[in-house]
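S.K.: can't give you the sequence, but here's the structure:
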């Protein structure tokens, strides 16, 4: 009669029987209780087990955490000194939070690291959200979530200025948390302090490149802390290796050797930092030049808000130089470079006025310059009459007194005045041939200088405009223009290689126009329509093989020079002479000073169209801007232009361009893609969908982590070989090959080999090792080399039986 016992660690349906049978020659499975090698021993049988001592200090000690704190704070201060955005004091809170979180994750042994990394990211995310919204900005967290949504769906350039700064502050807070977390985990878990040094030094060098002061002491502090950190972690790793090899260590010996090694490391650190000044500086390798150039391009694009998630590769492309409004040429680029603060102010009759300074006539697709302005400069004494563009025209005369507060710079001392100036109170040089194209003072402009100007602002009536048809419309006033050859030579020039679609678009927009003036009004109305085009001072760089007009029609956004260029080119394609004008918009009214104030960010570009017998008439196609006093935009200093409205003059602010700044990488906004109302149903639905997707992803990751933890915890109280054997039995049971109560390991192994013949050899090896592990004497137990060999065979066994399991699922 046979007896059997059930192994407490057996797989489903598997019972063990005592060794011995009728034949007396096949080993049968017995319980773990019969194996003396697996029983806990005690010198005092029956005594309660000794309490395990709880040690809070990590094996590496607390010194690495202190050194990491010094290093990460050095990096944080470099970010703060770079002055990317305001409220960066919260970075001092997020960094230590990351250090502590990384230490806890690194020392957690029972929970899978993947699960802990996901949890740490969520902790850092919500900590950064709380610091950004509640501590720094005192706003609702929904505003930040909405800003992040805009960033993900449309790129950095679609967010408003305030929203982009908020998002960038959140990014910096999470970055500092992640730096602390990464440093702790790499030091205490992976024991890779060199990676910590590489990450921290790279980020510090990038940020110090954007600071205005010399913060060399931060580099010294960072390097000192990192060198000592590397020494301490290397020492801890070596001590752990010695202990694993059988070296007996006690606390006094550990303290003594640690103290001696760290003292030596401190001396070497001081010598290294001092000796570094004595080494010569070598020329950087070419690969290093490319690496740092790409890194600099990436930071420049981020700093100037030229980032798009749709085109990540553009991040390392050279930064597009900003447009300079006051040079001999005007290159249309993604951003503009403007003076800051008040530039000038003016008082007089018939205000406010646009103030023109110079014009451009030649365009190559990306850059404007003035060919006609380089010839025939003429000097005029103070008060002398400057010949008008056309004689006997209807005009409104205006007198202005202009005070220069800050000369705008540029290659010439440009004088600014309403169109068309006929006299200045200072010595003046006028550039141009038949028509004036630029006005400059013969001496340099100085701060506080005043001058007066008389201008005849040309007017054109509806009746007169109706008599001026398009040049290609047959015999009309254009043929009687004495300077038509000059107009045709300079002001009808268009770049070569323009796509035919531009002319087709211009013709479609002006379809039905009865005269040239009406056609220009239709072009102006289409380009300034805020439902189709958006004003934006932060745009992606214009590709070299695409002209500005085509790029504007494709992206539907840009600043004033984009729209003025588009209208000028389209007018020329229709045969109407046109030129681009640079100067200032009207500014805003200061009631206390009784003057109109013009700031540097009021710099503006618009269009002048030539009409025979009337000279140059101004048009402004930029969305939100208007030349006519009755259509002035509202007054103030809003960074985005407003729609055309008709309030009284003294309560109207001026739309003006917000200057870009290298130290504020958050993108300036545009009027068409603001964050909107957070309480709107569309936004609430999107936030709900985003939350549900996030929840589902989190649940999926949690299930995967829980499954991994459960699988690794199975049979954790058995030996390595037994645990592997029981796991294989469980997988085989899922596939329909569960062990039977009457089977020996060899019998069960034979059944499995017939079911999975490709795994017969590894199965036989596993079965033999399992039998030896369970029933052999202690001196015949499997060696470590055999366990390592079995561990190499395990992936093959697992794949074979999982494929068997999937075949069973397909059959069912």
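M.R.: Cool, the structure landed. It should be emphasised that the depicted structure is a prediction, and the values quoted were computed from it without experimental measurement.

S.K.: so where's the stretch 451-600 of the chain uncertain?
M.R.: 473-477 (pLDDT under 70).

S.K.: tell me where it has helices.
M.R.: Along the stretch 451-600 of the chain, the segments classed as helices by DSSP state H, counting those that start in this stretch run 462-466, 484-490, 500-509, 516-527, 548-555, 560-573.

S.K.: chain center to the longest one: distance?
M.R.: The reference is to helix 560-573. With Cα atoms, centre = their mean, to the nearest Å as the basis, helix 560-573 stands 32 Å off its chain's centre.

S.K.: what does stretch 557-567 give?
M.R.: Using Cα atoms, centre = their mean, the offset of stretch 557-567 from its chain centre is 26 Å.

S.K.: residues in contact with that stretch?
M.R.: Defining contact as Cβ atoms under 8 Å, 6 or more residues apart in numbering, one finds that stretch 557-567 is touched by 323, 330, 332, 336, 363, 368, 520, 523-524, 527-528, 533-537, 539, 548-549, 551-553, 578, 580-581, 604-607, 619-623, 625, 657, 670, 672. In short, each C-beta sits where N, CA and C put it, glycine included.

S.K.: ok, 7 Å please
M.R.: The contact list for stretch 557-567 (Cβ atoms under 7 Å, 6 or more residues apart in numbering) reads 323, 330, 332, 336, 363, 523-524, 527, 533-537, 539, 548-549, 552, 580, 604-607, 619, 621-622, 625, 657, 670.

S.K.: now stretch 219-238
M.R.: By Cβ under 7 Å, 6+ apart, stretch 219-238 touches 59-60, 63-64, 67-68, 70-71, 74-75, 187, 191, 193-194, 196-197, 200-201, 204, 258, 261-262, 265-266, 269, 272-273.

S.K.: stretch 497-515 now?
M.R.: By Cβ under 7 Å, 6+ apart, stretch 497-515 touches 465-466, 468-469, 519, 522-523, 526, 547, 549-550, 553, 569-570, 573-574.

S.K.: for residue 413, list the residues it contacts.
M.R.: 440-441, 444-445.

S.K.: quick one: buried residues of stretch 261-268?
M.R.: 261-262, 265 (16 or more other Cβ atoms under 10 Å).

S.K.: any chance of those residues in a markdown table, plus distance to residue 346?
M.R.: Converted to a markdown table, these look like this (distance: Cβ to Cβ, whole Å):
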| residue | distance to residue 346 |
| --- | --- |
| 261 | 74 |
| 262 | 70 |
| 265 | 68 |
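
S.K.: what about the residues you listed, which are in strands?
M.R.: Judged by DSSP state E, strands contain none of those.

S.K.: of the contacts of residue 413, closest to residue 137?
M.R.: Nearest to residue 137, judged by Cβ to Cβ, of the contacts of residue 413 is residue 445 at 41.3 Å.

S.K.: what about that closest one, which SS state?
M.R.: coil (DSSP: H, G, I helix; E, B strand; the rest coil).

S.K.: that one and residue 405: what is the separation?
M.R.: 11 Å (Cβ to Cβ, to the nearest Å).

S.K.: and for residue 571?
M.R.: 35 Å.

S.K.: next one: residue 384
M.R.: 26 Å.

S.K.: what's the answer for residue 479, then?
M.R.: 47 Å.

S.K.: who has more neighbours out of these two?
M.R.: residue 405 (16 against 10; other Cβ atoms under 10 Å).

S.K.: doesn't residue 90 lie inside a helix?
M.R.: Yes - Residue 90 forms part of a helix when assessed by three-state DSSP.

S.K.: now residue 607. Its backbone dihedrals?
M.R.: phi -120, psi 140 (degrees, to the nearest 10).

S.K.: thought residue 568 was touching it, still the case?
M.R.: Yes - taking contacts as Cβ atoms under 7 Å, residue 607 lies within contact range of residue 568: 5.4 Å.

S.K.: so for residue 654, what's the pLDDT?
M.R.: We have a pLDDT of 35 for residue 654.

S.K.: now residue 619
M.R.: pLDDT, residue 619: 92.

S.K.: so what does it have for phi and psi?
M.R.: phi -140, psi 150.

S.K.: mind checking how far residue 570 is from residue 366?
M.R.: 17 Å.

S.K.: tell me how far residue 602 lies from residue 77.
M.R.: Distance from residue 602 to residue 77, by Cβ to Cβ: 37 Å.

S.K.: with residue 147 instead?
M.R.: Counting by Cβ to Cβ, the gap from residue 147 to residue 77 is 26 Å.

S.K.: do residue 217 as well
M.R.: From residue 217 to residue 77 the distance is 10 Å (Cβ to Cβ).

S.K.: can you check residue 446 too?
M.R.: In terms of Cβ to Cβ, residue 446 sits 41 Å off from residue 77.

S.K.: neighbour count winner among the two?
M.R.: residue 77 (20 against 10).

S.K.: what helices or strands is the strand or helix carrying the more buried one leaning on?
M.R.: Applying DSSP states H and E as the criterion places residue 77 in helix 63-82. If you count contacts as 3 or more Cβ pairs under 7 Å, 6 or more residues apart in numbering; DSSP states H and E, helix 63-82 packs onto helix 91-106, helix 161-185, helix 193-208, helix 216-244.

S.K.: just to be sure, residue 398 is in a helix?
M.R.: No - according to three-state DSSP, residue 398 belongs to no helix; its state is strand.

S.K.: can I assume it is in contact with residue 346?
M.R.: No - judged on Cβ under 7 Å, residue 398 makes no contact with residue 346 at a distance of 10.3 Å.

S.K.: of these two, who's got more company?
M.R.: With neighbours defined as other Cβ under 10 Å, residue 398 and residue 346 compare such that residue 346 has more, 25 against 18.

S.K.: kindly state the pLDDT recorded for residue 445?
M.R.: The predicted local confidence for residue 445 is 82.

S.K.: just give me the neighbour total for it.
M.R.: 20.

S.K.: check the one 10 residues further on too.
M.R.: Neighbourhood size, residue 455 [other Cβ under 10 Å]: 25.

S.K.: which one's more surrounded, residue 607 and residue 568?
M.R.: Taking other Cβ under 10 Å, residue 607 and residue 568 do not tie; residue 568 has more neighbours (31 against 28).

S.K.: wait, what's in contact with the more buried one?
M.R.: Here residue 568 is in contact with 578-580, 607 (criterion: Cβ under 7 Å, 6+ apart).

S.K.: roughly how far apart are it and residue 494?
M.R.: Relative to residue 494, and taking Cβ to Cβ, residue 568 is found at 9 Å.

S.K.: what of residue 389?
M.R.: 22 Å.

S.K.: then residue 338?
M.R.: 28 Å.

S.K.: who has more neighbours, those two?
M.R.: Higher neighbour count among residue 338 and residue 494: residue 338, with 23 against 18, using other Cβ under 10 Å.

S.K.: and that one, what's its pLDDT?
M.R.: 70.

S.K.: go on, residue 430?
M.R.: 87.

S.K.: and what about it, helix, strand or coil?
M.R.: strand.

S.K.: what's it in contact with, if anything?
M.R.: Contacts of residue 430 by Cβ under 7 Å, 6+ apart are 377-378, 380, 386, 436, 439.

S.K.: identify the farthest-apart pair in these.
M.R.: 377 and 386 (12.5 Å).
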